[in-house]
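just coords:
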């Protein structure tokens, strides 16, 4: 059990990140343990689960409790070093969704530094270009574009190239901010003319 503690903790954080299950003391312990484990044991999957939980429940977990906020800052600072390769064990990601959640979570919890933003964007792009069989969902794109909206031409070009050939297979109602952000970014100067002429409508939930 001890060997799997980081996986169990990440899943527990993800499962209890809502008002219904919120417990101040429990979350204090979760965050303290997360701070201990994120430096060595956490995988890209674990980090994505932990940060998605914190981002989704930021108001109840982080904003209303100074101790929670301080520990969250520590967690992100440690995660930054691993993402940038500045620690003894650089964190690796297995899927675009893991990177998207980490980037999106950090962008919601704190201001992304330019170096960190570039590193995450590079990882996201490399993961897609290194393996063309990696499935990219509308949700992955939406979170990544939202997190990297500061601008990354290589990432945008990669997303455009991957999205365009199968544009009609994506359910943009699932994550309508994808379509809005991608279209806006392209129309602002990157890959003009790549958008299909057929009009799409988007409805549903956007983050």
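Alright, I've got the coordinates. None of the values given here were measured: they were computed from a predicted structure.

so where do the helices sit in this structure?
According to DSSP state H, the chain carries its helices in the segments 5-15, 24-37, 44-56, 66-84, 96-109, 114-130, 138-147, 153-163, 176-187.

what would those look like in a markdown table with mean pLDDT?
Formatted as a markdown table, these follow (pLDDT from 0 to 100):
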| stretch | mean pLDDT |
| --- | --- |
| helix 5-15 | 85 |
| helix 24-37 | 91 |
| helix 44-56 | 89 |
| helix 66-84 | 88 |
| helix 96-109 | 80 |
| helix 114-130 | 71 |
| helix 138-147 | 70 |
| helix 153-163 | 66 |
| helix 176-187 | 59 |
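
The ones you listed: which one's closest to residue 90?
helix 66-84 (5.9 Å; CB to CB). C-beta: built from backbone N, CA, C; applies to glycine.

packing partners for the closest one?
Judged by 3 or more CB pairs under 8 Å, 6 or more residues apart in numbering; DSSP states H and E, helix 66-84 is in contact with helix 24-37, helix 44-56, helix 96-109, helix 114-130.

Give me the contacts around that helix.
By CB atoms under 8 Å, 6 or more residues apart in numbering, the residues outside helix 66-84 that reach it are 27-28, 31-32, 34-35, 38-39, 42, 47, 50-51, 54, 61-63, 86-87, 89-91, 102, 106, 109-110, 113, 115-116, 119-120, 123.

okay, the helices and strands packed on helix 66-84 in a markdown table with distance to residue 77 and mean neighbour count next?
A markdown table is the format used below for these (distance: least, CB to CB, whole Å; neighbours: other CB atoms under 10 Å):
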| stretch | distance to residue 77 | mean neighbour count |
| --- | --- | --- |
| helix 24-37 | 10 | 17 |
| helix 44-56 | 13 | 24 |
| helix 96-109 | 11 | 24 |
| helix 114-130 | 10 | 18 |
